[in-house]
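Student: predicted model and sequence below, questions to follow.
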Amino acid sequence: MLLLRGRHDMTFPVSLVEPSLDLIPRARAVVLDNAGHIPHVDDPDGYLHAVREFLGRVLWIFT
């Protein structure tokens, strides 16, 4: 699971990332510094980079 957060998200604050990772041991987290609640709109390049990197790792594991 990828937890992709915007650092300036006021709805689900970035402070929830660490407790979430504790509850989901195999999850990975990425915090985009220049994004808020809608990271794919606020930082589309950073969002796509994070998703591509995550999928590349996941697909490598299952091949």
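Tutor: Right, received. Where do you want to start?

Student: please make it C-alpha for all contacts and neighbour counts, starting now.
Tutor: Noted.

Student: how much space between His8 and Val17?
Tutor: With distances taken as C-alpha to C-alpha, to the nearest Å, His8 is found 13 Å from Val17.

Student: need the three-state assignment for Leu3.
Tutor: For Leu3, the reduced secondary structure class is strand; criterion used: DSSP: H, G, I helix; E, B strand; the rest coil.

Student: spit out the contact partners of the residue lying closest to Asp43 once chain neighbours are set aside.
Tutor: Closest residue to Asp43 apart from its sequence neighbours, by C-alpha to C-alpha, 6 or more residues apart in numbering: Ala35 at 5.8 Å. By C-alpha atoms under 8 Å, 6 or more residues apart in numbering, the contact set of Ala35 is 5-9, 42-43.

Student: okay, buried residues for the helix ranked longest in the chain please.
Tutor: Taking DSSP state H as the criterion, the chain has its longest helix at helix 44-61. Buried positions in helix 44-61, judged by neighbour count with 16 or more other C-alpha atoms under 10 Å: 46-47, 50, 54.

Student: likewise stretch 8-18?
Tutor: 8, 14, 17.

Student: and that stretch, average pLDDT?
Tutor: Per-residue pLDDT over stretch 8-18 has a mean of 94.

Student: number the residues from 38 up from this point.
Tutor: Will do, 38 is the new start, and the previous item becomes stretch 45-55.

Student: what's next to it, contact-wise?
Tutor: Residues lying outside stretch 45-55 but in contact with it, judged by C-alpha under 8 Å, 6+ apart, are 40, 42-44, 66, 68, 70-75.

Student: now swap in stretch 87-96 and tell me
Tutor: Residues outside stretch 87-96 that contact it (C-alpha under 8 Å, 6+ apart) are 39, 41, 67.
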